[in-house]
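Engineer: What follows is a predicted structure for the sequence shown.
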Amino acid sequence: MKPELKDKEAIIKAGKEAIGVEIEGLELVKSKLGDGFYCAVNIIFESSGRVVVTGIGKSGLVGRKIAATLASTGTPSIFLHPVEAMHGDLGMVMTGDVVIAISNSGQTQELNALIPAFKDRNIPIIALTGNEESMLAKASTCVIDTGVKKEACALGLAPTASTTAALAVGDALAVVLLKLRRFSERDFRKNHPSGTLGERLKVSVSQVMLKGQEVPMAKVGQRMNEVIKEIDEKRLGAVLVLDATESLVGIVTDGDLRRAMLKYGPSFYEKRVEEIMTPNPKSVMPDALAADALALMETHLITVLPVVGYDGRLSGIVHLHDLLGKGEFKFII
């Protein structure tokens with residue numbers, strides 16, 4: 001049997017104390033909001049690309065929510081997992097994008113390992129951190145101090161007040177940018193055609209997939225110097241490999257490219273695509289639900305999914321960010 005919780009007043013008091021600590025943290029962050037926030041808003045507003053939000057652990061969960069909020073309020077945004085980034089997903093980050101990096105300590109190893117790659121692409125970094133002397137802060141273009149005096153957790157270990165503070169700053173960025181973009185209620189409805197993500201994912205894959213010239217494709221026998229051009233032009237971080245019958249036989253991701261370059265060296269560019277590709281990739285049928293496609297992506301930690309008909313021929317490709325609301329569904333007018 002479960003123990004009976006008798007001390008009602010003590011339980012409610014402890015809950016109020018925890019919320020009180022979080023409120024104090026928010027008041028502190030509010031009081032410190034200044035040049036870093038102004039800098040961040042200007043960089044995002046003037047950028048020609050997307051906002052790439054990254055973080056790991058609890059900060060990663062906060063980052064996913066910030067990216068979703070920005071995307072739904074008129075600022076194209078994606079979430080980039082730092083570990084997946086080091087295994088090929090960095091290919092999704094392009095010149096013109098802006099990075100929001102979230103780390104309370106500013107010393108998160110997986111996150112800071114990405115800094116050189118962002119610098120090489122001339123991508124500005126906005127740090128949400130509680131440590132302005134950290135490696136992340138010193139490498140960033142703008143720093144927003146989200147530091148709090150203490151966590152709501154009695155042990156001071158579980159991220160609570162600090163993650164609430166980072167989340168609130170993300171919301172503040174989204175709201176200010178919404179105002180600057182004159183984002184209307186009509187615009188908001190276009191990005192929320194069914195009110196919730198759950199409703200959005202009830203549509204079929206065929207309604208959200210990219211098709212035709214939007215799909216990165218290569219034919220068996222093509223050399224890698226041609227394949228790389230296709231990946232670069234279509235900007236999905238992958239290319240689908242087809243045989244003479246237009247049937248899907250493989251996929252080449254940014255991760256495959258990186259590993260092959262290390263393996264083959266200068267001769268890589270003369271290799272044929274079938275020597276580099278991952279054969280028999282995961283795929284989904286056009287009439288499958290978008291929710292099923294999302295579940296498959298999450299299970300196998302992939303960001304693109306080929307769409308294949310019952311005859312085995314390629315129908316299109318679906319990207320994680322389209323499922324999560326990077327833009328409007330194609331059938332929405």
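Structural biologist: Yep, it's here. Predicted, not measured: the structure shown is a model, and the values here were computed from it. Residues are numbered from 1 along each chain as shown.

Engineer: Could you report the pLDDT at the spatially most central residue of the chain?
Structural biologist: The chain has residue 79 as the residue nearest its centroid, 1.4 Å off, counting by C-alpha atoms, centre = their mean. We have a pLDDT of 92 for residue 79.

Engineer: Check which helices and strands the strand or helix carrying it is in contact with.
Structural biologist: Here residue 79 sits within strand 77-80, counting by DSSP states H and E. Counting contacts by 3 or more C-beta pairs under 8 Å, 6 or more residues apart in numbering; DSSP states H and E, strand 77-80 packs against strand 51-54, helix 58-72. (Each C-beta comes from the backbone N, C-alpha and C, glycine too.)

Engineer: tell me the strands in the chain, going along the chain?
Structural biologist: For the chain, the strands defined by DSSP state E occupy 51-54, 77-80, 98-102, 125-129, 142-145, 217-219, 238-242, 248-253, 278-279, 304-308, 314-319.

Engineer: May I see those strands organised as CSV, with distance to residue 19 added?
Structural biologist: Formatted as CSV, the strands of the chain follow (distance: least, C-beta to C-beta, whole Å):
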stretch, distance to residue 19
strand 51-54, 26
strand 77-80, 27
strand 98-102, 22
strand 125-129, 22
strand 142-145, 22
strand 217-219, 53
strand 238-242, 45
strand 248-253, 44
strand 278-279, 49
strand 304-308, 41
strand 314-319, 39
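
Engineer: Figure out which of these is closest to residue 227.
Structural biologist: Closest to residue 227 of those is strand 217-219 (C-beta to C-beta; 4.7 Å).

Engineer: Name the residues of that closest one that are buried.
Structural biologist: By 16 or more other C-beta atoms under 10 Å, the buried positions in strand 217-219 come out as 217, 218.

Engineer: For that strand, which outside residues touch it?
Structural biologist: 226, 227, 230, 239, 240, 241, 242, 243, 244, 252, 273, 314 (C-beta atoms under 8 Å, 6 or more residues apart in numbering).

Engineer: Out of these, the closest to residue 282 would be?
Structural biologist: residue 240 (11.8 Å).

Engineer: OK, contacts around the closest one?
Structural biologist: By C-beta under 8 Å, 6+ apart, the contact set of residue 240 is 215, 216, 217, 218, 248, 250, 251, 281, 306, 314, 317.

Engineer: you'd agree the last one is up against residue 237?
Structural biologist: No: in terms of C-beta atoms under 8 Å, residue 317 does not count as a neighbour of residue 237; the distance is 11.0 Å.

Engineer: Out of the strands of the chain, flag the one nearest residue 30.
Structural biologist: Closest among the strands of the chain, using C-beta to C-beta: strand 142-145, at 11.0 Å.

Engineer: Paired strands for the closest one, with orientation please.
Structural biologist: strand 125-129 (parallel) (DSSP bridges).

Engineer: Give the rounded mean pLDDT of the strand it pairs with.
Structural biologist: Regarding strand 125-129, the rounded mean pLDDT is 96.

Engineer: Put the alpha carbons of that strand into PDB.
Structural biologist: C-alpha atoms of strand 125-129 as PDB (Å, rounded to 0.1, in the frame of the first residue of the first chain):
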ATOM      1  CA  ILE A 125      26.200  32.500 -31.400                       C
ATOM      2  CA  ILE A 126      23.800  33.700 -28.800                       C
ATOM      3  CA  ALA A 127      24.500  32.200 -25.400                       C
ATOM      4  CA  LEU A 128      21.900  31.600 -22.700                       C
ATOM      5  CA  THR A 129      24.100  30.900 -19.700                       C
END
